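Engineer: here is the input, now give the coordinates:
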Amino acid sequence: MSRGTDAVVVCSFYTADDYYRAHGDRLRSNLDDLGIAHELQEIVKQPGEDWADICRKKIAFLNRVCVENPDKKVFWVDVDCQILALPSAIADFTADLIGFQRGFGSPQTIGYAKRTRFWEPCFFGINTTKAGRKFMADAAALEQTLEIKATDDYFFEESWRANGAGMSFQVIPSGAVQGKASHGVSSFFVFGSSGNVAEFKGKVVQHTAIGGDAPSAGRRLRRRERGAARARALAAAKRLESRLTARNQDSAARLRRWADAMGLTHLLTKDAAAAGVTRARANLANQVLLHGQRGEVELMREAAAKLTVETVPDQRETDAVKGGESFAAYATGGQGKPVPLMWWARPFPGNFGDWLSPLLVQRQTGRPIQYVIPTAPPNQAHLALIGSIGRFIRPKSIVVGTGISSDDIELVRNATYLSTRGPLTADVLRKSGGPSVDSLGDPGALLSRLVPVTRHETNGRLALVRHFTHAALPATLPENMDELDVLVSHPDDLERFVTTLNGYDGVVTSAMHVMIACHSYGIPCALIGFKGFEDAVHGSGMKYRDYSLGIGLDEVWEPEAVAIDLTQVDWSQRLRTAKISDAKLDEIETQLNAAVERLG
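Structural biologist: Just a heads-up that it's a prediction; the model follows:
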């Protein structure tokens with residue numbers, strides 16, 4: 001019989017400052033809500049101590065908790081992290097140790113030829129077994145003996161190398177981390193990083209890779225270092241952008257414009273090969289996408305077929321193939337001159353709201369669609385429609401209903417603006433020195449006109465459609481609620497998706513364009529966010545008000561935060577129906593036609 005969380009104690013500590021104390025309070029409340037026993041301790045940073053010295057204290061603290069709880073499994077969690085739930089597979093683990101592999105790696109990256117340390121120290125559990133407790137005791141004894149400058153993970157690694165041959169261990173799938181979900185794994189852990197690791201890199205004692213001298217390991221290490229360097233550069237750019245925005249929004253806007261124009265944004269945000277994936281397979285996946293974008297169907301399918309030779313494609317590769325098929329469907333559909341169109345295509349296979357752009361333009365024009373990458377400087381006139389991609393508008397853009405996700409950016413003033421999503425985007429455009437735009441409205445509202453679906457008798461159930469950033473949250477659904485995946489992009493799949501939506505009594509969603517689809521078809525809808533994850537969807541939240549005002553709704557629709565246990569909500573009181581006027585739809589359609597005419 002499972003003892004579950006009754007046989008578990010979670011521990012952590014934090015320094016006596018406002019930042020970490022707030023994290024400590026949040027984690028304590030988090031664990032209280034889950035009914036998990038815990039020991040969270042505030043420690044005082046002594047004169048002369050730095051971050052590495054504080055981290056080192058984890059060893060003695062954790063060993064003490066183990067000694068004081070001989071009959072309980074002891075889990076450590078960094079104080080700036082969160083536990084959404086403690087699945088039985090974690091709480092009831094039978095190995096001596098359980099945790100994430102270093103860097104939240106996958107099984108394909110296990111091995112000291114690839115990593116200098118095995119465990120990711122932000123979350124792991126120590127069983128009540130003799131071997132588990134000896135591992136912890138040995139780490140604590142070493143920490144008391146050595147006077148080197150080192151953090152906690154150095155001592156954990158030393159004890160692991162000494163004891164690992166006689167221990168059993170369980171590696172938690174990386175998909176269990178919020179934001180890394182894959183292969184249907186529900187996330188239960190939210191990783192938080194204070195950013196001190198990079199600062200102390202090279203200042204504390206590090207391990208070397210066992211077997212790292214092998215040429216293949218060296219090449220893998222260099223590739224990983226390049227990927228890590230790009231990740232650090234992206235993180236540094238985001239920090240700089242955030243600081244500049246806080247101090248001077250104009251300077252931040254100029255930095256973003258420069259990074260976009262120089263192609264730096266494209267370089268830092270483009271897809272990188274996943275850990276454990278060979279360069280050849282990563283190139284094949286990229287070829288699938290590129291051939292799909294060019295409408296080279298046979299070449300695309302040849303590259304896709306090579307991914308299945310002698311191995312099973314992973315989730316990333318499968319998604320790339322689906323994305324390639326979707327690109328090809330738009331690139332080869334219809335007759336006549338292709339329409340150059342910019343839209344946000346990732347994450348693959350593609351997000352419903354973003355891929356409404358090629359669907360609607362193709363339905364309206366009957367012409368093929370040519371994909372224009374938002375982050376790469378375009379060399380031709382093109383349309384920009386659905387999505388919060390206003391930042392990527394260029395002088396050659398012809399804009400119909402595009403919006404922004406926050407008002408701290410500066411829009412390009414000399415693009416051709418026929419309409420914007422709403423008055424808030426129009427106001428930012430005016431403040432950026434651009435034209436005054438009176439025509440408003442998100443083109444996603446045209447969905448019911450261009451993909452007509454008759455809403456007949458419904459099935460007596462509710463549909464849940466989460467924003468893709470919420471997909472892995474361990475939500476509990478009522479018995480009368482089904483979940484639909486928002487990652488659809490192929491025109492046939494998009495039509496099937498909206499047809500399915502129309503078969504439900506109502507839709508609960510955290511994805512804005514799913515809500516817009518409901519408004520277009522007249523489906524009762526509830527727009528939600530999830531408590532504790534209000535910031536998961538990019539932007540300040542202004543896009544909801546911008547859309548509501550721009551489309552002419554009687555009230556502003558904004559997400560209402562709910563707990564991940566959806567059984568506790570009376571959805572009959574939350575569902576509402578919105579009506580978009582025919583006059584507004586005529587206005588949006590007129591501007592779309594005018595934009596296509598300008599392209600020729």
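
Engineer: which residue ranges form the strands in the stretch 1-150 of the chain?
Structural biologist: 8-15, 37-43, 73-77, 82-83, 97-101, 119-126 (DSSP state E, counting those that start in this stretch).

Engineer: among the ones you listed, which comes closest to Leu494?
Structural biologist: strand 82-83 (34.1 Å; CB to CB). C-beta here means a position set from N, CA and C on the backbone, and glycine is covered the same way.

Engineer: ok, the closest one: who's next to it in the sheet?
Structural biologist: strand 189-190 (antiparallel) (DSSP bridges).

Engineer: pull the distance from the strand it pairs with to the chain's centre.
Structural biologist: 13 Å (CA atoms, centre = their mean, to the nearest Å).

Engineer: list of residues touching it?
Structural biologist: Contact with strand 189-190 is made by Cys81, Gln82, Ile83, Leu84, Phe100, Phe123, Ile172, Ala176, Val177, Gln178, as judged by CB atoms under 8 Å, 6 or more residues apart in numbering.

Engineer: so can I have TSV of the residues you listed showing pLDDT, distance to His470 and neighbour count?
Structural biologist: Converted to TSV, the contacts of strand 189-190 look like this (pLDDT from 0 to 100; distance: CB to CB, whole Å; neighbours: other CB atoms under 10 Å):
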residue	pLDDT	distance to His470	neighbour count
Cys81	91	18	20
Gln82	89	14	20
Ile83	91	17	20
Leu84	88	11	22
Phe100	92	21	22
Phe123	94	21	26
Ile172	92	21	23
Ala176	89	15	22
Val177	89	14	22
Gln178	82	9	23
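
Engineer: what is the nearest of those residues to Lys584?
Structural biologist: Minimum distance to Lys584 across the contacts of strand 189-190 is 37.5 Å, recorded for Gln178 (CB to CB).

Engineer: who's in contact with the closest one?
Structural biologist: Leu84, Ser187, Phe189, Val190, Phe191, Ala472, Leu473.

Engineer: where in this protein is the helix or strand with the lowest mean pLDDT?
Structural biologist: Ranking every helix and strand in the chain by mean pLDDT, DSSP states H and E puts helix 196-200 at the bottom, with a mean of 46.

Engineer: got the CA coordinates for stretch 577-590 in CSV?
Structural biologist: Extracted in CSV, the C-alpha atoms of stretch 577-590 (Å, rounded to 0.1, in the frame of the first residue of the first chain):
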residue,chain,number,x,y,z
THR,A,577,-21.3,34.1,-24.9
ALA,A,578,-20.0,37.0,-26.9
LYS,A,579,-21.3,38.4,-30.2
ILE,A,580,-19.1,40.0,-32.8
SER,A,581,-21.1,42.3,-35.1
ASP,A,582,-21.4,41.6,-38.9
ALA,A,583,-20.3,45.2,-39.4
LYS,A,584,-17.0,44.5,-37.6
LEU,A,585,-16.4,41.3,-39.6
ASP,A,586,-17.1,43.3,-42.8
GLU,A,587,-14.5,45.9,-41.7
ILE,A,588,-11.8,43.3,-41.0
GLU,A,589,-12.5,41.4,-44.2
THR,A,590,-12.3,44.6,-46.2
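
Engineer: contacts for that stretch?
Structural biologist: 364, 400-401, 419, 439, 441-443, 445-446, 449, 518-520, 522-525, 551-554, 557.

Engineer: buried residues in that stretch, which are they?
Structural biologist: Ala578, Ile580, Lys584, Leu585, Glu587, Ile588, Glu589 (16 or more other CB atoms under 10 Å).

Engineer: any stretches of the stretch 201-350 of the chain with poor pLDDT?
Structural biologist: 201-277, 310 (pLDDT under 70).

Engineer: can you report how many residues lie near Gly48?
Structural biologist: 6 (other CB atoms under 10 Å).

Engineer: for Glu560, grab the count of nearby residues.
Structural biologist: Glu560, neighbours per other CB under 10 Å, totals 12.

Engineer: pretty sure it contacts Lys531?
Structural biologist: No. Using CB atoms under 8 Å, Glu560 is not in contact with Lys531; the gap is 10.0 Å.

Engineer: care to break this protein down by domain?
Structural biologist: 4-200, 215-269, 279-444+588-599, 452-585 (automatic domain parsing).

Engineer: and the last one, end to end?
Structural biologist: Think domain 452-585. 14 Å (CA to CA, to the nearest Å).

Engineer: now that domain, how far from the centre of its chain.
Structural biologist: 19 Å.

Engineer: could you do the third one as well?
Structural biologist: Relative to the centre of its chain, domain 279-444+588-599 is centred 19 Å away, using CA atoms, centre = their mean.

Engineer: how about the longest one?
Structural biologist: Averaging C-alpha positions (CA atoms, centre = their mean) puts domain 4-200 23 Å from its chain's average.

Engineer: buried stuff in stretch 432-441?
Structural biologist: In stretch 432-441, counting by 16+ other CB under 10 Å, buried: Gly434, Val437, Ser439, Leu440, Gly441.

Engineer: repeat for stretch 330-349
Structural biologist: 330-331, 333-334, 338-349.

Engineer: just say which of the domains of the chain is most tucked in.
Structural biologist: Highest mean neighbour count among the domains of the chain (mean count of other CB atoms under 10 Å): domain 279-444+588-599, with a mean of 20.

Engineer: may I have the distance across that one, first residue to last?
Structural biologist: 39 Å.

Engineer: same deal with stretch 573-586?
Structural biologist: Using CA to CA, the two ends of stretch 573-586 sit 32 Å apart.

Engineer: could you give the mean pLDDT of stretch 404-419?
Structural biologist: When pLDDT is averaged over stretch 404-419, the result is 95.

Engineer: could you dump it to PDB, C-alpha only?
Structural biologist: Extracted in PDB, the C-alpha atoms of stretch 404-419 (Å, rounded to 0.1, in the frame of the first residue of the first chain):
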ATOM      1  CA  ILE A 404       1.400  43.500 -29.200                       C
ATOM      2  CA  SER A 405       1.700  41.800 -25.800                       C
ATOM      3  CA  SER A 406       3.100  44.700 -23.800                       C
ATOM      4  CA  ASP A 407       3.300  48.500 -24.400                       C
ATOM      5  CA  ASP A 408       7.000  48.800 -23.600                       C
ATOM      6  CA  ILE A 409       8.000  48.400 -27.200                       C
ATOM      7  CA  GLU A 410       8.300  50.800 -30.100                       C
ATOM      8  CA  LEU A 411       6.600  49.900 -33.400                       C
ATOM      9  CA  VAL A 412       8.100  50.500 -36.800                       C
ATOM     10  CA  ARG A 413       6.500  53.700 -37.900                       C
ATOM     11  CA  ASN A 414       6.900  53.400 -41.700                       C
ATOM     12  CA  ALA A 415       5.200  50.000 -42.300                       C
ATOM     13  CA  THR A 416       1.800  50.000 -44.100                       C
ATOM     14  CA  TYR A 417      -0.800  49.900 -41.300                       C
ATOM     15  CA  LEU A 418      -4.300  49.100 -42.500                       C
ATOM     16  CA  SER A 419      -5.600  48.100 -39.100                       C
END
